[in-house]
Structures are given as structure tokens and as C-alpha cells.
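> Need coordinates for the below:
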Amino acid sequence: MARVLIVDDDPAILEILRAYLGAEGHEVLEAQDGQEARALLPRADVAVMDWMLPGAAGPVLAREARAAGLDLPILMLTARGEEEDKLHGLEEGVDDYVVKPFSPREIVARVRALLRRVGVHQDVRSDSLTMDLKRRTVMVDGLPVELSRLEFDLLAALALHPGLAWTRERLLERLWGPDFPGTERVVDVHITALRKKLGDDPERPRYIETVRGVGYRFRERGG
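Sure thing, here's the model as predicted:
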């Protein structure tokens, strides 16, 4: 079992998550503001934190944790459902989201899933595609696919969050950096090359869907 840090300024949420996660066998650490959370993050195996906190917002704490070299999974509790907000959090180092109101059982399940990724190779599996993010390999229909560094990183950004629509601007900033002098068209060029290598038909995609007027998303399994 793991040491789970819960960060929320609502005592009722702390109480119910403490009960459910404790019943799962986890050791529970608690913080009600950003200052307390900063002190406890290095001791935690996984963090469950609210977006809005006294002292520091959840994404700020996530960014600080990553800058300090902490690689613990972070689950964000938020009333924000907009994809732009989620993308902002993902870029700061958040691993997963649950939108309030939530079921405590869902939190337990999400924490369990995040912990399965700690200390092991993180794989992406979607029908006939498999990515090993540590070894940076891709298999489609059981055969290896050779991707460039940028193509692999582009596919990973999409595949780690199936169903989430990424704007071209966000992908450009994430992969090429905010000071890249090119246009968003470079994203389309790399998506086209990536689809070709994956054998993915843009009209009937197995993997990468075009979101018209927005950008791209990885197709959810069974979608």
C-alpha cells in the first residue's frame, strides 16, 4: 500500500477521502493549504489535491513538485471542466483529473490506477497500438514502427490523454517550445507524417482524430 497525500481546504472532503483511502490500506497524509502541502509532498507516493487552495493553486504545487524532481502521480480535484484548464494543468505536471462532485470510490480507483504506473514501464495500449514510453518504442499490429523524436513525443502527448482535444497552439508550445518561430502548420505536417507511419486513415482514424476548428485528439478505446 502507499502513502497518499490529500490536499483540500474542505474538512468534509478530507474526512471522507481519509476513510475510503484508509480502508484501501493506504497511509493518508493531509494538508489544507499550499504551505502544508509543500512540506508533505516529498513524503508522498501519490497526491490528491484541489485546484483552488489557500496559499497556492494545485497546478502551482504540481509545477513546483516537478521542478524539484518529484515524480509522484498527481490527481487534481476540480470544478473546472473546460479542456483548456485541463491542458494547463497537464502542462504543469498533473497526471489525472476528477471533476467535482465526485464519488469517493472513483478517487480510490483513480489512485489505484496511478499507483500501478509507479516504478514500472508506462505503456499506452489502444487496440492494435502499443507504446512503451520508457523504451520509446511503438508497435502497430505487432510490428515495430520507427518514429522520429518529435513524432514519438507528439503521439505520446495525444495518447496519454485519449479523448482530450489538443489545440495546435498547445501542441506547438509543448513540443517545440513557446519561442519556436514557425507556424501551427508544422503540427499538421507532423500529424500527417505520423498518421502515414501508423497506417492511420484520417477519414476513418483508428488513433488520431481531427477536431475541426480546434486540433487533434487520440481516439478513445471503443469510441
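
> Excluding residues flanking it in the chain, which one is nearest the one residue sitting closest to the centre of the chain?
The residue lying closest to the centre of the chain (C-alpha atoms, centre = their mean) is residue 95, at 3.5 Å. Nearest non-adjacent residue to residue 95, counting by C-beta to C-beta, 6 or more residues apart in numbering: residue 73, 4.6 Å away. To be clear about C-beta, it is placed using only N, CA and C from the backbone, and glycine gets the same treatment.

> The one you found and residue 115 touch, don't they?
Yes. Residue 73 lies in contact with residue 115 (C-beta atoms under 8 Å); the separation is 7.0 Å.

> For the two, indicate the residue with more neighbours.
residue 73 (22 against 17; other C-beta atoms under 10 Å).

> quick one: that one and residue 207, what's the gap?
Distance, residue 73 to residue 207, using C-beta to C-beta, to the nearest Å: 25 Å.

> Then residue 100?
Distance of residue 100 to residue 207, given as C-beta to C-beta: 31 Å.

> Who has more neighbours out of those two?
Shown here are residue 100 and residue 207; by other C-beta under 10 Å, residue 207 has more neighbours (21 against 13).

> pretty sure the more buried one contacts residue 221?
No. Under the criterion of C-beta under 8 Å, residue 207 makes no contact with residue 221, lying 10.5 Å away.

> Please identify every residue contacting each of these two.
Contact criterion C-beta atoms under 8 Å, 6 or more residues apart in numbering; residues bridging residue 207 and residue 221 by contacting each: residue 126.

> Common neighbours of residue 73 and residue 115, please.
residue 46.

> residues contacting the residue lying closest to residue 11 once chain neighbours are set aside?
In this structure, residue 11 finds its nearest non-sequential neighbour in residue 32, 7.8 Å apart by C-beta to C-beta, 6+ apart. Contact partners of residue 32, counting by C-beta under 8 Å, 6+ apart, are 7-9, 11, 14, 54.

> Of those residues, which count as buried by neighbour count?
Buried subset of the contacts of residue 32 (neighbour count, 16 or more other C-beta atoms under 10 Å): 7-8, 14.

> And those residues, which is closest to residue 215?
residue 7 (31.4 Å; C-beta to C-beta).

> quick one: the closest one and residue 38, what's the gap?
Residue 7 is 10 Å from residue 38, by C-beta to C-beta.

> now swap in residue 126 and tell me
Residue 126 sits 36 Å away from residue 38, going by C-beta to C-beta.

> Residue 9 against residue 54, yeah?
Yes. With contacts counted by C-beta under 8 Å, residue 9 reaches residue 54, the gap being 5.7 Å.

> Mutual contacts of the two, please.
Common neighbours of residue 9 and residue 54 (criterion: C-beta under 8 Å, 6+ apart): 32-33.

> that older thread, where does the residue nearest to residue 11 land on pLDDT?
At residue 32, the model reports a pLDDT of 95.

> give me phi/psi at it?
In terms of degrees, to the nearest 10, the main-chain angles of residue 32 are phi -110, psi 0.

> Between residue 7 and residue 38, which contacts overlap?
Common neighbours of residue 7 and residue 38 (C-beta under 8 Å, 6+ apart) are residue 61.

> Next up, the contacts around the residue nearest to the centre of the chain.
Contacts of residue 95 by C-beta under 8 Å, 6+ apart are 73-75, 114.

> Of all pairs in the residues you listed, which one spans the longest distance?
By the measure C-beta to C-beta, 74 and 114 form the most distant pair in these, at 8.3 Å.
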